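1. Quick one: sequence plus predicted model below, questions after.
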Amino acid sequence: MYYFIINPHSRSGYGFKVWKRIEKLLKLECVEYRAFLTERPGQAAEYADQLTKGCQEPRIIVVVGGDGTVNEVLDGLSFCNTITLGYIPTGSGNDLARSLRLPRSPRKCLKKVLRPKYHKLMDYGVVTYGDDVVKHRRFAVSAGIGLDAAVCHNLLYSRMRPLFNRIRMQKMNYILVGLKQYLKAKPTKGYMLLDGSKKVEFNYIYFISAHIHPFEGSGFRFAPKADCSDGKLEVCAVSHASKLQVLFILGRSLLKRSHNKGLRTYQCREVQIHTDRPMAVHVDGESCLYQSDLHIRCIERKVRIIV
């Protein structure tokens, strides 16, 4: 039995079109399945919780959506028994699919799910935040505070996003929103505490991101050395007095340069981040509002995924 959790609204309705094609293929091959289509934010996590909480038998859950849908499913999973994830990307950014080198064709992704040759045990991250009420949020790709999160926040409410999705220019939308947020960005002071021992202070924090996978933001490779199965976070810090230097870093990340001069990277199992004023926070592109203190840790090789 396959359990499909589908976000029909991903990429402005593209997810629904893909699901209808997948459903026809499943019926042609007489595959036993159940489908759960989301209607609102957070519902994918609820479905994942219902399917896995207290479950004593192995389950295959296939996500049809974008990075945000995967994030919700991961956040709702209960690892009581062997859970195997399949992924058919239909989102705007698809950074997880890019990192795992999944096919662009939904049909080919479905073929991998139904006839898997390889599985990967993948790390995931957990962000803890909040002053009065402490919250925990899992992430599959990356979490960040500052400029990258501000871009994610803006994209979530962008009126132009559906248009760019329809004409398949999602990256251009991200670049335009990114330039707008770059011009508005104001750095702040703060510090990081790596693995509870190494303290790194900054005077001009534009953003700090913690990565399980190399990419975020629809193809910006901020963490080329990130390995999703090594039990470590690749933490990237952009902190410069020169705003022009920040622009160069963003450009080199977009061009996927292996050595990005000016981008500071650190490896650790957990990191505490403090900024002198609240800044935007995201997990896999989803908003965690504005925070000034984060604790991020890596959970090693817990997610079994078909690749």
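-> Thanks, I have it.
2. Low-confidence stretches in the stretch 201-307 of the chain?
-> Across the stretch 201-307 of the chain, the ranges flagged by pLDDT under 70 are 258-259.
3. Please enumerate the helices of it.
-> For the stretch 201-307 of the chain, the helices defined by DSSP state H, counting those that start in this stretch cover 243-254.
4. List the single closest residue to residue 69 in space, sequence neighbours excluded.
-> Spatial nearest neighbour of residue 69, chain neighbours left out: residue 7 (4.3 Å); criterion: CB to CB, 6 or more residues apart in numbering. In this view, the C-beta of every residue, glycine as well, is placed from N, C-alpha and C.
5. and the one you found, how many neighbours?
-> Residue 7: 27 surrounding residues under other CB atoms under 10 Å.
6. For the stretch 151-300 of the chain, which segments are assigned as strands?
-> Assigned by DSSP state E, counting those that start in this stretch, the strands in the stretch 151-300 of the chain fall at 188-194, 198-211, 215-216, 220-221, 233-239, 264-268, 270-283, 286-306.
7. Verify the contact between the residue nearest to residue 69 and residue 44 for me.
-> Yes. Using CB atoms under 8 Å, residue 7 makes contact with residue 44 at a distance of 6.5 Å.
8. okay, and the common contacts of these two?
-> Common contact partners of residue 7 and residue 44 (CB atoms under 8 Å, 6 or more residues apart in numbering): 38, 65, 69.
9. measure the last one to residue 59 for me?
-> Spelled out, it's residue 69. Per CB to CB, to the nearest Å, residue 69 is found 17 Å from residue 59.
10. So these two - more neighbours on which side?
-> Per other CB under 10 Å, whichever of residue 69 and residue 59 has more neighbours is residue 69, with 27 against 18.
11. Kindly reformat the shared contacts of residue 7 and residue 44 as JSON lines containing distance to residue 192, pLDDT and secondary structure.
-> Below are those laid out as JSON lines (distance: CB to CB, whole Å; pLDDT from 0 to 100; DSSP: H, G, I helix; E, B strand; the rest coil):
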{"residue": "38", "distance to residue 192": "35", "pLDDT": "97", "secondary structure": "coil"}
{"residue": "65", "distance to residue 192": "32", "pLDDT": "97", "secondary structure": "strand"}
{"residue": "69", "distance to residue 192": "30", "pLDDT": "97", "secondary structure": "helix"}
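12. Reformat these as JSON lines; add distance to residue 143.
-> JSON lines is the format used below for the shared contacts of residue 7 and residue 44 (distance: CB to CB, whole Å):
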{"residue": "38", "distance to residue 143": "22"}
{"residue": "65", "distance to residue 143": "19"}
{"residue": "69", "distance to residue 143": "17"}
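13. quick one: residue 261 and residue 249, what's the gap?
-> From residue 261 to residue 249 the distance is 8 Å (CB to CB).
14. ah, wrong one, I meant residue 280
-> Distance of residue 280 to residue 249, computed by CB to CB: 18 Å.
15. Using the three-state scheme, assign the closest residue to residue 53 other than its chain neighbours.
-> Counting by CB to CB, 6+ apart, residue 53 lies nearest to residue 78, which is 4.4 Å off, once chain neighbours are set aside. State at residue 78, reduced to three classes by DSSP: H, G, I helix; E, B strand; the rest coil: coil.
16. Now the spatially closest residue to residue 90 that is not a sequence neighbour, what are its backbone angles?
-> Leaving aside its chain neighbours, residue 90 sits nearest to residue 15 (4.2 Å; criterion: CB to CB, 6+ apart). With angles defined as degrees, to the nearest 10, residue 15 sits at phi -60, psi -40.
17. again, but for residue 41
-> For residue 41, the backbone dihedrals are phi -60, psi 140 (criterion: degrees, to the nearest 10).
18. what sits against it?
-> Residue 41 sits in contact with residue 72, where contact means CB under 8 Å, 6+ apart.
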